[in-house]
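**Q** Next one to model:
(4 chains, ligands or ions: 6)
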Amino acid sequence: MKFMVSLKDYEGGETAWCPGCGNFGILQAVKKALVKLELEPYQVLLVSGIGQAAKLPHYLKCNLFNGLHGRTLPVATGAKIANPRLTVIADGGDGDGYGEGGNHLIHAIRRNVDITYLVHDNQIYGLTKGQASPTSEEGFVTKITPLGMFSRQLNPMALAISLGASFVGRGFSGDIEHLSDLIVQAVENRGFSLVDILQPCVTFNRVNTFQWYRSRVYKLDSSHEPKDWLAASQKAHEWGDKIPIGVIYREARPTYEDHNPRIVQKPLVDQQHDPTSFEKILDEFKV
Amino acid sequence: MKFMVSLKDYEGGETAWCPGCGNFGILQAVKKALVKLELEPYQVLLVSGIGQAAKLPHYLKCNLFNGLHGRTLPVATGAKIANPRLTVIADGGDGDGYGEGGNHLIHAIRRNVDITYLVHDNQIYGLTKGQASPTSEEGFVTKITPLGMFSRQLNPMALAISLGASFVGRGFSGDIEHLSDLIVQAVENRGFSLVDILQPCVTFNRVNTFQWYRSRVYKLDSSHEPKDWLAASQKAHEWGDKIPIGVIYREARPTYEDHNPRIVQKPLVDQQHDPTSFEKILDEFKV
Amino acid sequence: MEVDLTFKIGGEAGQGLQTVGYILAKSLAKGGLYVFANQDNESRIRGGHNFFQVRASDRPVQALSEKVHIIIALDKRTISEHQNELAEDGITIFDGEKIKTEVPDNLLSVPFERLSKEKAGVATMVNSVAAGAALSLLDFDFDLLATVLNGEFKEKGTEVAEKNIQAASAGYDYVKGNSEGRFKYKVKPVNYSNQRILLNGNEAIASGALISGCKFMSGYPMSPSTPIQQSFASQMCEYDLVFEQGEDEISVINMALGASFAGVRSMVATSGGGFSLMVESLSLAGMTETPIVVVIAQRPGPATGFPTRTEQAELEFAIHAGHGEFPRAVFAPGNPEQAFYLTSKALNLADRYQIPVIILTDQYLADSYFTMERFNTSSIVVDRGVFFRESDRVKLSEYKRHMITDSGVSPRLLPGWGWGLAVTDSDEHTEDGHITELAEARIKNVQKRLRKFELLRQEISPPYSYGPADAETVMVGWGSTYGALKEAAEILNSQGIKVRMLHLSEIWPFPAQAVSSELEKPESLISVESNATGQMAHLIRAETGIEIKSKILRYDGRPISPQYILREFAKIG
Amino acid sequence: MEVDLTFKIGGEAGQGLQTVGYILAKSLAKGGLYVFANQDNESRIRGGHNFFQVRASDRPVQALSEKVHIIIALDKRTISEHQNELAEDGITIFDGEKIKTEVPDNLLSVPFERLSKEKAGVATMVNSVAAGAALSLLDFDFDLLATVLNGEFKEKGTEVAEKNIQAASAGYDYVKGNSEGRFKYKVKPVNYSNQRILLNGNEAIASGALISGCKFMSGYPMSPSTPIQQSFASQMCEYDLVFEQGEDEISVINMALGASFAGVRSMVATSGGGFSLMVESLSLAGMTETPIVVVIAQRPGPATGFPTRTEQAELEFAIHAGHGEFPRAVFAPGNPEQAFYLTSKALNLADRYQIPVIILTDQYLADSYFTMERFNTSSIVVDRGVFFRESDRVKLSEYKRHMITDSGVSPRLLPGWGWGLAVTDSDEHTEDGHITELAEARIKNVQKRLRKFELLRQEISPPYSYGPADAETVMVGWGSTYGALKEAAEILNSQGIKVRMLHLSEIWPFPAQAVSSELEKPESLISVESNATGQMAHLIRAETGIEIKSKILRYDGRPISPQYILREFAKIG
Ligand SMILES: Cc1ncc(C[n+]2csc(CCOP(=O)(O)OP(=O)(O)O)c2C)c(N)n1
Ligand SMILES: Cc1ncc(C[n+]2csc(CCOP(=O)(O)OP(=O)(O)O)c2C)c(N)n1
Ligand code: SF4
Ligand code: SF4
Ligand SMILES: [Mg+2]
Ligand SMILES: [Mg+2]
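**A** Residues are numbered from 1 along each chain as shown, chains lettered A, B, ... in the order given. Ligands and ions are numbered 1, 2, ... in the order given. From the prediction side, this is the model:
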């Protein structure tokens, strides 16, 4: 018997974010998306890292593995392989995902396990009080980069497209409805889905404010064909006066599960183990 | 007094590679490039990781920091910042650079320190006896991937271009002259230069053999404009019947050193330290 | 002690209570008092409950005291959570126009916000009002506070500074007019050496590094070490040095090793989790004999634990971290002065022995402010160790990076010097740094590295001991518990309970003989540690065979105070 | 002992000497002999110098012997490097048509290549020729060899198998015709339990894992652990399990933790360098109480060290690795049998206590083949620990992942079960797994985790001891030195020197009482370890106060043999 989920079912604990923070919009959007997806909390596993963003799953109801800074994706990968019935969503900040966890992102895209990755991109390290993140703009001044950040701003959309991610989208925490739809699509996508979410940090990022984003973002419409690699790459490079949000890129490619359908047909987690059924592996060593 | 360097000056110790290995061509090309660059061994610092590729610097004459698997780029970065007079070349395998060290690559490209990175891309883990590397083809069977590699083959050229690397090139260890010229250009480029080198592993990679590469590679000529991002991205995606070698992408952008010219004007390594000249930092704490 | 007062400023994250606290601390220090201030923060940016505690005394204090005399409540929760900590004759000031609460005797309402608006024209200077109000209770010299406010705010313009001073004076005057006889402790400025400084453990380490010639620091933010990175980086504008933010801690330590190999003094600072990621490269430093100093600012673990709180649970980890065996030194300073000089010593030992040196602090030391005599910069000696100079050269091929020597230390040559090549390898290597498979080379290298350790042993200063030589009881501590331990020992001895204290700040190589001779005879041994297993006690047994059966441990993320020790001591009896 | 023969096959990497060695070992085992075989390889794929050593005896042997009876030299260097190891009545066979060398008495030329060409039509079956030749010296039953060859090569087709058998028989016959009286040891097949198996430490661990229900392994190649990954992965075609190759070791352990959290028995295997990268996540396992088994196949460090050689230098690192304090178990099996059953025990303890369990092996154990009685699969019990079942549920909100219990163990609920939510956090957390800042929650959790450790202590079996109870001397070892230690003790006792041995394979929680009672009385204690500092001796002192002053250490990357112990023992004498 399936009961209809509602937002109330996802109501979680007290938040520890700053008033006005862009994370609130994301929290709302995630809850709405899960309701739209008609998932019950027990069917969902959120895996998060460390940072302000990564606290999100504590504020709704779901299964949760809140692991280490930067290590969401491998945990999510392992959990999904073990139990493909779970809807697995990895969630964290831009520092978490593009800084400390950068290597896992590259390889999660290659692996294409059917999980969704939400990155709260506030272009800052929030929880540690305002250092530059990989998506901070070149020249961004912080207490540990007093001469400005020397590194070029990372473009996560372009990066993901270059690796052939199966779903690449960008949302804005100021547009909850659009964002929650985007998350729905990401979760529904078979394979690894990256959703980068523009999220103002009202305390530490005085450059990329709500106003800053609001005056720049525009929604991709049907004139954009996400399956067109070239068009997608170009959209991915739009950053400045206009910033596109929506599904930027999609590519139909085999998922990890397609390569090994047995893990879906007979999930590892369901297996009853009988040691004697493995007796024959010792035969190989028989004298 | 500058003396003319010759290949002899770079003659190094006995190699431990398999006869016929593609690494020999790379070794030759590196030596030739250094001679063409008129660099003396003491002016050059090679930084390598662990793997068959990473043994290369032991077989020529240079300063060498042969560090850990996957950690070439941060070491090279630190050394170059400390002493920008050194020609710093990082060197290692595809596993080293795109697997274990993937995160450093992304961020080295963003940082754009004036170093060169040579990746011996044999599409395999050689030293550990033939596991799939990030550039192995999807489906590649090894002892630890008996059902084939499920992950998609990494495209390092596309990845680097998506991040706006200032120099992206591909060479082939079977064409020493072309490769050494490419290395010369990479070293001469101001900023971070990535050179991916197609390198047959005659022992473990039975797919991507000399023959396989030779029948596919072709040299980019002047009809290719490396500064054209779109053209470069397209070239980067050519892999199959035809594989382009040469300079694929170039982008003029500020280097790390441009952001902080003092490290070149007054290299850290040259500074004579006088503790009393720092006396005033204690004033801040004066009661 | 004539004066020994503790202020507690409580409120939400983001209310600026660190500013009030720091201004109070600095003003009191300017008044010639010895000051100690510690912080208690949650891992969030706004909201929740934080406090900042300032202790001021006319004799040196290096620990917090649990008895609070003045509470500055910036929110209601501060009153409900801390009112019970107030001394009988203490007082709580709060903004009664904003916070509705019953007003018992020891609550004094000061309309922070209204005064701020009236005097400064804005509501945002409540902190200065509060500082003025608090100091007014002591009849403290307002000019000192004004000078401090000026110093703190002048960067933001004289107008801002001026307004803050006015706000403070409003608070000061308000209290003067409304608290007649409510607070009995009065403090008069006293003369003091104008060489005194007020700084925390993090600042002391950064200063020690800068003054000792560390020119390269790479870092990845992690509480409570980030301020070391900040202090260092802030000098990039002034001096020729580099702070570089890494993409992760693995990058951080490898960048520092690269810079060090190229010839520059290099250092990194992180916390336990970040250090965990550096462990493989610590071993790399050991093998390649590349000097490096690593600060671990401890916080409660495992894993993310309590990111903004304190613990001393990484002692054994620091000593044994890294695969394989290689020499290292481990220090654990007890106050900013020790932190400053040990940082300098760490950099010298790292260079002289070409090893990693670890400095263990914790959030309590890292974030706590102490008044100290100004550090003596001219006593700092920078010893980079032994180098292979051009004059040492016979022919180019002769320099060997890992030459086997009696001491185990091989002269360094920097890449680019021209009279030799600097070659090193993470594999076991020949003397000239190339990869080898030979058993003999291995044996020589292992022994070479161990010889360095034996020499290094002689560099370790004996632990600090205090108290009557004939005491039957010795309390043993290390690192940040120094001040609390000493104060507890003083109190016990003053009560006629003979107790000795032993404090280790240079821990590895372990000063086994010195520790043995201190601990051999006394009947009762107590280890005092901010952890749950008694790691120092375990280490002492491993190194001396002496078992410390009694332990005073704290592992709730809060610092060990003298009172905590006394209470637990009484239980052990 | 009637038969105790050692074969040494030497040559370059890539010449296939492992194949010859393994075939010899298997054939001898098939002949009813007990076999032990160890490997010595350089870190390269072709060239250099490697060897494979097979010892065969009519009584159980679990260590190498330094006395070699038959050398099979596949290259010239084998002769020059190992000829001096030959027993007086030993013999070296080599291909005199390919290798030019003086031919002293104990050299016997067998034209490997020519015979291979003649009999098999190709030059590539020299290895089978050599195997045949070697066994011929013993008058060994050729049929046994033929059976083994058939088993090894049939995968490549019957023709290949047939040709190899022919090549072997050519070698066999050639020697028969040309070595009359040159080798005095003859071996007749003896009856034996047909339950015997021949396998190495890595295979034993992988088998133990598979048979005990480990269904998920992630890995990143690293010698000498890669074969564990291979053995596990190879069963992916046969069984429903997953091996996943990670991009790095951090990913590897986090994938395994993810799978484990989701409810699947998970395990990883690496070497010291890879383990270093896992340290932060080990701490994560501790905090989130996620079961995980981590195999560290040790090799000499620091850093890359000797990638293909052996050492036991990560004992203290394994015990203390990770920031913060959390319970763990550390095992160090001494042979494949122990490896098999301890892997099974490790998986059970990991699940039952929801902790990380570390298995320490080293290259010597990992790569060495032992004949053992077939493991008893039906004795394997899979105990996944305590779960929160639907029937335990009162209402949905009630399940708490980190419920405080008397034992410290909280029942698990798997995500997706529907009657509760599995919530965990790397931060210190409430019982329901949510982030907290509370001191009380912290204290309860620290104590809960420590309680698990105290219970765990009772699971540890006492160390193995052997030898006369009244011996004045005890030799203490751990892990892979088991066989050598035992053989050395046997020899000493047979010589009338009363010596006891104590071997630890379950090391942490440390069995302090059992070890104390063994070591308290004897006058002379010797620790025997493949490291340079005597880590077990250090640990024993930390845990019992007992100081082991004499040490027999080896740290050149080569294994400790019984003879090595005897020589060093004589020096201590
Ligand atoms: C290994 C490790 N390094 C550093 C930290 C400290 N740390 C916690 S959160 C964080 C960055 C947070 O930035 P981001 O991921 O962008 O999240 P935000 O707070 O901005 O939402 C850092 C560096 C840590 N917890 N672990
Ligand atoms: C941290 C760590 N993990 C694993 C290894 C083992 N290892 C050594 S080389 C290597 C891979 C080599 O592959 P690649 O970098 O492509 O170099 P190649 O041998 O193919 O030239 C691995 C996994 C190691 N040395 N360190
Ligand atoms: S610091 Fe920034 S990201 Fe964090 S809660 Fe506050 S506003 Fe949000
Ligand atoms: S294994 Fe492959 S990469 Fe390594 S030396 Fe041999 S051929 Fe070259
Ligand atoms: Mg962020
Ligand atoms: Mg490779």
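**Q** Which residue ranges of chain A form helices?
**A** Assigned by DSSP state H, chain A shows helices spanning A:23-36, A:72-82, A:94, A:102-111, A:156-162, A:176-188, A:210-214, A:229-236, A:256-259, A:262-265.
**Q** relative to helix A:176-188, how tilted is the longest one?
**A** Right, helix A:23-36. 50 degrees (axes from the mean of the first three to the mean of the last three Cα atoms, to 10 degrees).
**Q** For the residue of the stretch 101-250 of chain C found nearest ligand 6, give me its contacts.
**A** The minimum distance from the stretch 101-250 of chain C to ligand 6, using Cβ to the ion, falls at residue C:250 (20.2 Å). In short, each C-beta sits where N, CA and C put it, glycine included. By Cβ atoms under 8 Å, 6 or more residues apart in numbering or on different chains, the residues touching residue C:250 are B:71, B:74, B:103-104, C:277-278, C:280-281, D:277.
**Q** And residue C:545, by the same measure?
**A** Counted by Cβ under 8 Å, 6+ apart, residue C:545 has contacts D:541, D:545-547.
**Q** Narrow those to those that are buried.
**A** D:541, D:545-546 (16 or more other Cβ atoms under 10 Å in any protein chain shown).
**Q** so of these, which ones are in strands?
**A** Per DSSP state E, strands hold no members of those.
**Q** Can you tell me which of these is nearest residue B:210?
**A** Set against residue B:210, the nearest of these by Cβ to Cβ is residue D:541 (59.0 Å).
**Q** what about the closest one, distance to residue B:255?
**A** 55 Å (Cβ to Cβ, to the nearest Å).
**Q** So which of the helices of chain A is the most surrounded?
**A** Comparing the helices of chain A by mean neighbour count (mean count of other Cβ atoms under 10 Å in any protein chain shown), helix A:72-82 ranks first with a mean of 32.
**Q** That one vs helix A:102-111, what angle?
**A** 30 degrees.
**Q** is stretch C:435-454 up against chain D anywhere?
**A** Yes. Shown here: stretch C:435-454 in contact with chain D (Cβ under 8 Å from any Cβ of the partner chain) through C:437, C:439-440, C:442-443, C:446-447, C:450.
**Q** any idea how far the closest residue to ligand 1 within chain C is from residue C:345?
**A** Nearest to ligand 1, among the residues of chain C, is residue C:222, at 3.8 Å (Cβ to the nearest ligand atom). Residue C:222 sits 24 Å away from residue C:345, going by Cβ to Cβ.
**Q** Between the contacts of residue C:545, which sits nearest ligand 2?
**A** For the contacts of residue C:545, the minimum distance to ligand 2 (Cβ to the nearest ligand atom) is 31.9 Å, reached by residue D:541.
**Q** Double-check that closest one against residue D:549; I have them as touching.
**A** No. Judged on Cβ atoms under 8 Å, residue D:541 makes no contact with residue D:549 at a distance of 10.2 Å.
**Q** can you tell me which two in the residues of stretch C:435-454 next to chain D are farthest apart?
**A** Longest span within those, Cβ to Cβ: C:437 and C:450, 20.9 Å.
**Q** Of the two, give the one with the bigger neighbour count.
**A** Taking neighbours as other Cβ atoms under 10 Å in any protein chain shown, residue C:437 and residue C:450 compare with residue C:437 leading, 22 against 17.
**Q** and the closest residue to residue A:58 other than its chain neighbours, how many neighbours?
**A** Spatially, and ignoring its direct neighbours in sequence, residue A:58 is nearest to residue D:434 (5.2 Å; Cβ to Cβ, 6 or more residues apart in numbering or on different chains). Residue D:434: 24 surrounding residues under other Cβ under 10 Å.
**Q** ok, residue D:434 - contacts?
**A** With Cβ under 8 Å, 6+ apart, residue D:434 has these contacts: A:13, A:58, D:423, D:425.
**Q** Tell me which residues touch residue A:10, please.
**A** Contacts of residue A:10 (Cβ under 8 Å, 6+ apart): A:31, A:34-35, A:41, A:60-62.
**Q** quick one on the thing from earlier: look up how far residue C:307 lies from the residue of chain C closest to ligand 1.
**A** From residue C:222 to residue C:307 the distance is 8 Å (Cβ to Cβ).
**Q** Low-confidence ranges, the stretch 201-350 of chain C, go.
**A** Within the stretch 201-350 of chain C, not a single segment meets pLDDT under 70.
**Q** Closest approach to chain B from it, which residue is it?
**A** residue C:258 (2.8 Å; Cβ to the nearest Cβ).
**Q** State the distance from the closest residue in space to that residue that isn't next to it in sequence to residue B:54.
**A** The shortest distance from residue C:258 to any non-neighbouring residue, by Cβ to Cβ, 6+ apart, is to residue B:78 (2.8 Å). As judged by Cβ to Cβ, residue B:78 and residue B:54 stand 18 Å apart.
**Q** List the contacts of residue A:56.
**A** By Cβ under 8 Å, 6+ apart, the neighbours of residue A:56 are A:23, A:26-27, A:30, A:46, A:48, A:91, A:120.
**Q** Farthest pair within those residues?
**A** A:23 and A:46, at 14.1 Å, using Cβ to Cβ across the contacts of residue A:56.
**Q** sorry, back to before: which pair in the contacts of residue C:545 has the greatest spatial separation?
**A** Put simply, by Cβ to Cβ the two of the contacts of residue C:545 set farthest apart are D:545 and D:547, 7.7 Å from each other.
**Q** rewinding a little: export the helices of chain A as CSV, with columns for distance to ligand 4.
**A** CSV is the format used below for the helices of chain A (distance: least, Cβ to the nearest ligand atom, whole Å):
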stretch, distance to ligand 4
helix A:23-36, 47
helix A:72-82, 28
helix A:94, 37
helix A:102-111, 22
helix A:156-162, 27
helix A:176-188, 40
helix A:210-214, 49
helix A:229-236, 33
helix A:256-259, 26
helix A:262-265, 32
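**Q** Between those helices, which one is closest to residue A:66.
**A** Closest among the helices of chain A, once you apply Cβ to Cβ, is helix A:72-82, at 9.1 Å.
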